[in-house]
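A.B. asks: Give me the fold of what follows.
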Amino acid sequence: MGSLQKPTNIPVEVAPLDRPFSDNAEYLEAKRVEMTLLVECASLRRSIEVAETQHLTPNSFSGKAGAGTHLNMAGELDRGCKVSELKELLEETVKRYEAIRLVNEQRLALPASVRFPFEDLVEQCRLSRFEQSVVWLLFFKAVSPDFRQKYEDSAINTVGHETNPELYIGNLLQILCPGSLRDQLEARKYFSVDAPLLRYHLVKLGRDVEDCATILEVELELPQRVIGWITEDNNTYVVDSPFHVECPETSLSQVVLPQEDIGRVLALIENHDAYVQKRRELRLDETISYGRAIVVLEYGPPGTGKTLLARALSNHTGRPLVSFNKRSGYGNGAHHSGFAENVPKLFREAQLRKGIVFIDECERFCMKDTEELGQLLIELERTDAIVIMATNRPEKLAPALDRRFTLKMPFQMPDAGERRRIWQVHIPKDVPLAGDVDVEQLARTYPFAGGYIKNAVLAAINLALSRSAGKEFILQQEDLEKAAKFQERHVGGACRYREIVTPKIGLDDALISETAREALRRLVSMARNYQRMMGKWSWNERLVSNPAKGIKVLFHGASLDPSLQAVEAMAGELGVSINRVMLHRILDEDDEPNKSKVVELFSAFSGTGHLLVFIDSRGILEHLEGLYDGAVWELFESLARYDGIAVVVSRVEWMRLPGWADVFHEQISFERPAQNLRMDCWRRVLNGSLPLAKDVDVEKLAQDYDLSLEEIQAAVHRACLLMAAVDPRGPLNAKLLERAICLVRKKSKHRECLFG
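C.D. replies: You can find the predicted model right below:
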């Protein structure tokens, strides 16, 4: 080890007192000079202490060491210096240190056009002067080789190992509380786990306190993230860091959500700094020391914009987005041990950077009675940061989390109007479009969330590039349609449960009674004039809570076929497509919550202009008790709010729908077809393409057999099957038809037994 050198003659005024620091580097250099003098003061005190404990005279060293010596790292005396000279040197160095410290404080207080990250850290964590000095000493020892060498040559380290000259708590107390045991005992509080240095993870312990004989032997060091913050070094040096810090470029204009929803969250986070400052001014932290954070829960189906909004809010507020880095192992299991371990570090990282904590798929770690949940609750109580949590499964979250949320934001499947805007946002303005590109049609046809629309646009551009190889690149409707169909195979919800049908008949073509036909004519007229009339009267502005909007009709009858023909005829007259949903697909499956499927469907249908029809082919509405209650409730509540034309097709009359009858504005009953309708049906089904024997009499079939339209179609189909087995070349005769009718009627009776 080298011997103690006489302190460098550092000038008192390193810059004019009326000039602020020009940048962070100049500020750090000034603090390095200040801390170097502080270490030299401690080194000189140590030299004097050792000399005096060896019972030497105040004015000179005598004995074995000889006259005129000073200390080296081993605490031995070197020749060349008297004790009185050391004391004079100490007094001079202390004056220099105090002068430099005062200059630095005065320059820092002057208005400056630059920010100093260390001062932000002091304000955020409310660091005392002692704690600030601890951070500075650890900082310069980590970043300045000259400072580190100065410390190693100082002979201060009498607590740790001589071969490992690191900074221990004992060394820090020795430097910052010289000569006073009372002050050193009092200063130990700054290294408590509840004090800012450890609470905010500004320093980390070299080894566990329990492994040390005393806290004086606990080694301290500064985490790399704190060093990076103070130096404004945003480079990443650790590949498997548990955190991902980014500054997204996503704009709020790219987020297609109701403006009132965006406005609510902006009102909270835009004023967050002012809110924290006002809490301090009003001394609220003294009476309400927890729950200071802004915690936003985003919940809804995948691809509906939860992550997009978090990124846009990060960009809008100028706050980096701090999340777990999935590459480091986070998210690989329902209970990942690294999560609980790293939660405090995640929050400290975000607070240090004045960032936004973003926890995606939070349901994985927020289930009841888990270590992860417990640690998260602790951090939510401690922090005053902005926290955004996102989930597709809010029902999985532990109830204990509920009161921690400042705002809960539901994300729903976009309606047709919102989908049109999403298509427009995602198709770049620089992409050349063919004249046939129709985003309105895409929005009506494909009830996608925004994430799937984004994927479809990217796939369409690739298809267009492949098609126009060597030619002028242009994006066509065909490319977008193909890409959308690719996505349709993978998306869930509405695409799996609905079918879009183009009507092929009008009212005059439907095989229904004249009474029903006349009722349908009134219904069509009502539908044509409804929107214009409601808009003229400003009806929607007058609506109160839970209004019954749109037009809702119940079609019922013993046979479903007339009702289905009526739906198709009505859509044909209105010139709209049919969104057809089989009720059992959304009310009788266990693969995902039924209520969420209902909500997703109505979000997808809203604004399409299609005729929405729910078909109860399995008689579910005849048995409203039991497993389907929650989903049925959601179905009819959503039906009441749906601002469009919707038809429910069932065998149940509204008098058998207790509590739900008031949802429907009208019901139309379709009885079993009279003889004339049965005869028309036989004629249509037994059209000219089927070879008929001379004994087939359509009028006699209609007169002898009281069949529904469905049964007539089923009988002809069964007869064709029988003919294929007996004589595929021969004509269809009366005997085969009568046999087929018997089989169909037998099957119908069996079904009546099943469904009552």
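
A.B. asks: List the contacts of the residue nearest to residue 671 when sequence neighbours are not counted.
C.D. replies: Leaving out its chain neighbours, the residue that sits closest to residue 671 by CB to CB, 6 or more residues apart in numbering is residue 557, at 6.2 Å. C-beta coordinates here come from the backbone N, C-alpha and C atoms, glycine included. When contacts are counted by CB atoms under 8 Å, 6 or more residues apart in numbering, residue 557 touches 563, 651, 669-672.

A.B. asks: quick one, strands of the stretch 151-300 of the chain?
C.D. replies: Residue ranges of the strands in the stretch 151-300 of the chain, as given by DSSP state E, counting those that start in this stretch, are 204-205, 220-221, 243-246, 294-299.

A.B. asks: Show me what the third one packs onto, helices and strands only.
C.D. replies: When contacts are defined as 3 or more CB pairs under 8 Å, 6 or more residues apart in numbering; DSSP states H and E, strand 243-246 sits against strand 321-324, helix 337-352.

A.B. asks: and that strand, which strands flank it?
C.D. replies: strand 321-324 (antiparallel) (DSSP bridges).

A.B. asks: Centre of the chain to the strand it pairs with, how far?
C.D. replies: Computed by CA atoms, centre = their mean, to the nearest Å, the chain-centroid distance of strand 321-324 equals 11 Å.

A.B. asks: Quick check: closest non-adjacent residue to residue 598.
C.D. replies: In space, and not counting its chain neighbours, residue 598 is closest to residue 634: 4.5 Å by CB to CB, 6+ apart.

A.B. asks: Okay, the one you found and residue 471: tell me how far apart.
C.D. replies: Distance from residue 634 to residue 471, counting by CB to CB, to the nearest Å: 51 Å.

A.B. asks: quick one on the thing from earlier: could you check the pLDDT of the residue nearest to residue 598?
C.D. replies: You'll see residue 634 listed with a pLDDT of 80.

A.B. asks: burial count for it?
C.D. replies: 20 (other CB atoms under 10 Å).

A.B. asks: Please apply the same query to residue 558.
C.D. replies: With other CB under 10 Å as criterion, residue 558 counts 12.

A.B. asks: I'd guessed it sits against residue 708; true?
C.D. replies: Yes: applying CB atoms under 8 Å as the test, residue 558 and residue 708 come out as touching, 7.0 Å apart.

A.B. asks: shared neighbours of these two, anything?
C.D. replies: The contact sets of residue 558 and residue 708 overlap at residue 672 (CB under 8 Å, 6+ apart).

A.B. asks: before we move on, back to that, quick check, nearest of the contacts of residue 557 to residue 395?
C.D. replies: residue 651 (32.8 Å; CB to CB).

A.B. asks: doesn't residue 563 make contact with the closest one?
C.D. replies: No: judged on CB under 8 Å, residue 651 makes no contact with residue 563 at a distance of 9.1 Å.

A.B. asks: Identify the contacts common to those two.
C.D. replies: Contacts common to residue 651 and residue 563, judged by CB under 8 Å, 6+ apart, are 556-557.

A.B. asks: just to revisit the earlier point, kindly reformat the contacts of residue 557 as a markdown table containing neighbour count and pLDDT.
C.D. replies: Formatted as a markdown table, these follow (neighbours: other CB atoms under 10 Å; pLDDT from 0 to 100):
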| residue | neighbour count | pLDDT |
| --- | --- | --- |
| 563 | 25 | 87 |
| 651 | 18 | 84 |
| 669 | 16 | 86 |
| 670 | 25 | 84 |
| 671 | 15 | 78 |
| 672 | 15 | 76 |
